[in-house]
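**Student:** Below are the sequence and a predicted model for it; my questions follow.
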Amino acid sequence: MSATLNILKEQALLLLKQLIAIPSFSREEDGTAAVLEAFLQSKGVDANRYMNNVWAKNKYFDENKPSILLNSHHDTVKPNKAYTLNPFLPLEDDGKLYGLGSNDAGGCLVSLLAVFLFFYEREDLKYNLVFAATAEEEISGINGIEVLLHQLPSLAFGLVGEPTQMQMAVAERGLMVLDVTVSGKAGHAAREEGENALYKALPDIDWFRNFRFEKVSELLGAVKMTVTVIDTENKAHNVVPPQCHFVVDTRVNELYTFEEILETIGRHVKAEVKPRSMRMRSTSIPLDHALVQAGLSLGRSYYGSPTTSDKALMPFQTLKMGPGDSARSHTADEFIYVREIQEGIEMYVQLLNKLV
């Protein structure tokens, strides 16, 4: 086992360097998808590709057994202007591997892939393992895990690779962006004509600022609503605005559904409120779930994550956990420690060994 794992650790690091060298912005992941598909095929795995998503089943997949999803993403954000290094040049220095996507979420991806290969030829597994390297996670796109799920076999639960320092994110905030519109009546500003939609919007904006939902989660805290954008689409200084539009960033804990949030808002504001999307829902996995219990037995801690991921799009229970640090995600000169990948592979193996 030790010798096999050491080889897989080396191969995972080499693969990550390959992935870093290929730009893979969301919706532009064709190159990294090809590399991942070829890598799996080189290991004798029957790899499948759907759009820019690559997936595979363990060699002795049995439809009569429940299946566990091992998932992470291979798309990245665009590098910010503060980079001092070439974001597409994988540079290993002083125990760190630098490069765009190294931490979010390349380290998680290659670690889960190494673990999938470790168990791939086992005939005695209690669970099937399904590996999926998916696209468009950074933009919550519809052509990533959401579309791929229709191609995959039935899944009992999942392990989602995101940088959590190998601690367990058992809950995750949902995100609902609201477009709020207040209507008035145009008029000349000098003659006190019309109904000023901006003024009419102020009580509703004040409500969003001050209202507090009653249920506060031990893991995720309170529901948070923040007004982030406001405009009247009015270009003339002397015209009373007939319409005011503002945006509310709404972060929802696991104790409320989006429908409950919208119903409460509707009872308190006069404006027209429309959610842009209701896809990115809050999620949680019970602490008594076998996957969480396995992590606890290995000394892992658990917490509620303030960030959203593809976990929100999976209609089954999932645990978010992976090597790397979320604080490094999307930063200039992004990096991951090589030891984090090595330790992550070992921890994933120990975790799954307690289940499969």
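**Tutor:** Nice, thanks for sending it over. Numbering: from 1, shown residues only.
**Student:** tell me the centre residue of this structure?
**Tutor:** Centroid-nearest residue in the chain: residue 309, 1.4 Å away (criterion: C-alpha atoms, centre = their mean).
**Student:** So it is in contact with residue 320, correct?
**Tutor:** Yes. Between residue 309 and residue 320 there is a contact at 6.1 Å, judged by C-beta atoms under 8 Å. C-beta coordinates here come from the backbone N, C-alpha and C atoms, glycine included.
**Student:** Please enumerate the shared neighbours of those two.
**Tutor:** Here residue 309 and residue 320 have 160, 162, 172 as joint contacts, going by C-beta atoms under 8 Å, 6 or more residues apart in numbering.
**Student:** most neighbours, which of these?
**Tutor:** When neighbours are counted by other C-beta atoms under 10 Å, residue 160 leads the shared contacts of residue 309 and residue 320 with 30 neighbours.
**Student:** so what's the backbone phi/psi at it?
**Tutor:** Dihedral angles of residue 160 (phi, psi; degrees, to the nearest 10) stand at phi -100, psi 120.
**Student:** check contacts around it.
**Tutor:** Residue 160 touches 71, 72, 309, 310, 311, 314, 318, 319, 320, 321, 322, counting by C-beta under 8 Å, 6+ apart.
**Student:** In those residues, find the pair that's most separated.
**Tutor:** Largest separation among the contacts of residue 160 by C-beta to C-beta: 314 and 322, giving 15.4 Å.
**Student:** dump the residue contacts of residue 264.
**Tutor:** residue 213.
**Student:** try 7 Å this time
**Tutor:** Applying C-beta atoms under 7 Å, 6 or more residues apart in numbering to residue 264 gives no contacts.
**Student:** check which helix or strand covers it.
**Tutor:** Assigned by DSSP states H and E, residue 264 belongs to helix 258-268.
**Student:** ok, and the closest non-adjacent residue to the residue nearest to the centre of the chain?
**Tutor:** In space, and not counting its chain neighbours, residue 309 is closest to residue 162: 5.2 Å by C-beta to C-beta, 6 or more residues apart in numbering.
**Student:** Quick check: that neighbour vs residue 242, distance?
**Tutor:** 45 Å (C-beta to C-beta, to the nearest Å).
**Student:** And residue 134, by the same measure?
**Tutor:** Going from residue 134 to residue 242 by C-beta to C-beta gives 44 Å.
**Student:** of these two, who's got more company?
**Tutor:** residue 134 (30 against 18).
**Student:** Next, count neighbours for residue 196.
**Tutor:** Neighbours of residue 196 (other C-beta under 10 Å): 21.
**Student:** what sits against it?
**Tutor:** Shown in contact with residue 196 (C-beta under 7 Å, 6+ apart): 184, 240, 241.
**Student:** quick one: low-confidence ranges for the protein?
**Tutor:** 1-3 (pLDDT under 70).
**Student:** which helix is the longest one in it?
**Tutor:** The helix that spans the most residues within the chain, counting by DSSP state H, is helix 2-20.
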